[in-house]
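Enquirer: have a look at this prediction, sequence included:
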Amino acid sequence: MRKTVIVFTTAAVAVAIAAVFVIRGGGRAGRQKEKVIATINGEAVYVSDFNRALALSFKRDPMFRVTPQTLEKQVNMLIDKRLLIQEAREEGLDETERFVNTIKTFWEQTLIRDLMAHKDKEISGSVTVSEKEIRDYYGLLSHQKTFQVVKSKDKSLIPELIRKDPASVEWDETIGPVSYSDISSEILMKAFKVPEGETQVFRDKDMYYLFYVKEDASVSVAPFDEIKDEIEQKVINAKKHKLFKDWLRSTREKADIRINENVLRGERYRHE
């Protein structure tokens, strides 16, 4: 069979789509027999989509390991990706809906990129930063903390752990020493404000995190005026990131998402 190599440019995408569909006779007929791993607002996510995402993860990270947790994460990433694409359609950012696999990745990445730019512009207009917020951030830079963490979906376990001596708790992991400017996790940012020797519980979706501040070391920081502008931009970026996550969470909550647990469970067993 002769191989045809096509180089896509922005102007040629529509022509390429039409040409591929003429040659292949359409791209969706063969998918009707595939197992559906989830539906988002009535739109199917197939097992082949799931396996393609896994293959990409292996390609990007040779250390990637298949576990029930990473498989669940892949499903959630696929759901978020599909929600972004659907939202891009609602915003009128796409002109063609039928794409075959040869250009599907390009199409999806372009739509998501355009939507991200669209949302970034929309969010930027509502973000402001006060002098106090900049100084509060600056004050945290002089600390370097070490945390011990327990993660659990069972809320009832947390009170018992809080009552225990930290030395007797079986911690899931130790984080640090880490500086405030080096972290991106919203939960870790909140935990950074907990004093040394104290514990506090934080919740993210259905997971509970018990943080214990094991150590709080002082570190030197550049003068405030020298890094004020840099701090302001970091605070702006953090606010924009949070607003985007809140918007995506809200979009997800309003969406009709149905995960086929039987199919997903079968895929987990197959990959374990």
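Expert: Yep, it's here. Residues are numbered from 1 along each chain as shown.
Enquirer: host element of residue 82?
Expert: Residue 82 belongs to helix 68-90 when elements are defined using DSSP states H and E.
Enquirer: show me what counts as buried in that helix.
Expert: 71, 74-75, 78-88 (16 or more other CB atoms under 10 Å). C-beta coordinates here come from the backbone N, C-alpha and C atoms, glycine included.
Enquirer: stretch 217-227 too?
Expert: Buried residues in stretch 217-227 (16+ other CB under 10 Å): 221, 227.
Enquirer: distance to residue 43 and pLDDT added to the buried residues of helix 68-90, as TSV?
Expert: Below are the buried residues of helix 68-90 laid out as TSV (distance: CB to CB, whole Å; pLDDT from 0 to 100):
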residue	distance to residue 43	pLDDT
71	21	85
74	17	86
75	15	87
78	11	88
79	10	90
80	13	89
81	11	87
82	6	88
83	10	91
84	12	86
85	9	82
86	7	88
87	12	86
88	13	76
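Enquirer: now residue 34. Nearest residue, chain neighbours left out?
Expert: Among residues not flanking residue 34 along the chain, residue 46 sits closest, at 4.5 Å (CB to CB, 6 or more residues apart in numbering).
Enquirer: run through the bridge partners of that neighbour.
Expert: residue 36 (DSSP bridges).
Enquirer: and the strands in the protein?
Expert: Ranges of strands in the chain, per DSSP state E, are 36-40, 43-46, 143-152, 173-179, 199-204, 207-218, 257-259.
Enquirer: what number of residues lie near residue 38?
Expert: 22 (other CB atoms under 10 Å).
Enquirer: in the chain, which helix has the most residues?
Expert: For the chain, the helix with the greatest residue count under DSSP state H is helix 224-254.
Enquirer: in it, what counts as buried?
Expert: Buried-residue list, helix 224-254, by 16+ other CB under 10 Å: 227-228, 231-232, 234-235, 238-240, 243.
Enquirer: can you get me a residue count around residue 143?
Expert: So residue 143, with other CB under 10 Å, has 19 neighbours.
Enquirer: any idea how far it is from residue 195?
Expert: Per CB to CB, to the nearest Å, residue 143 is found 10 Å from residue 195.
Enquirer: cool, residue 189 as well?
Expert: Taking CB to CB, one finds residue 189 at 15 Å from residue 195.
Enquirer: looking at these two, which is more packed in?
Expert: Higher neighbour count among residue 189 and residue 195: residue 189, with 14 against 9, using other CB under 10 Å.
Enquirer: residues contacting residue 64?
Expert: Residue 64 makes contact with 57-58, 70 under the criterion CB atoms under 8 Å, 6 or more residues apart in numbering.
Enquirer: just give me the closest of these to residue 150.
Expert: residue 70 (20.6 Å; CB to CB).
Enquirer: could you find the closest non-adjacent residue to the closest one?
Expert: Closest to residue 70 by CB to CB, 6+ apart is residue 64, at 7.2 Å.
Enquirer: try residue 124
Expert: Using CB to CB, 6+ apart, the closest residue to residue 124 is residue 240 (6.6 Å).
Enquirer: I figured the one you found was touching residue 121, is that so?
Expert: No - counting by CB atoms under 8 Å, residue 121 is not a contact partner of residue 240; they are 10.5 Å apart.
Enquirer: rewinding a little: name the residues contacting each of residue 143 and residue 195.
Expert: Taking CB under 8 Å, 6+ apart as the contact rule, residue 143 and residue 195 both touch residue 216.
Enquirer: what's the most distant pair in the buried residues of helix 224-254?
Expert: Maximum distance among the buried residues of helix 224-254 (CB to CB): 24.0 Å, for 227 and 243.
Enquirer: next one, pLDDT for residue 114 please.
Expert: Residue 114 carries a pLDDT value of 86.
Enquirer: can you get me a residue count around it?
Expert: 14.
Enquirer: residue 89 versus that one, what's the distance?
Expert: Remark: distance between residue 114 and residue 89 (CB to CB) = 11 Å.
Enquirer: next one: residue 45
Expert: 16 Å.
Enquirer: where does pLDDT dip in the stretch 51-200 of the chain?
Expert: 92-104, 107 (pLDDT under 70).
Enquirer: now do the helices in it.
Expert: In the stretch 51-200 of the chain, the helices defined using DSSP state H, counting those that start in this stretch lie at 68-90, 101-124, 131-140, 157-163, 186-191.
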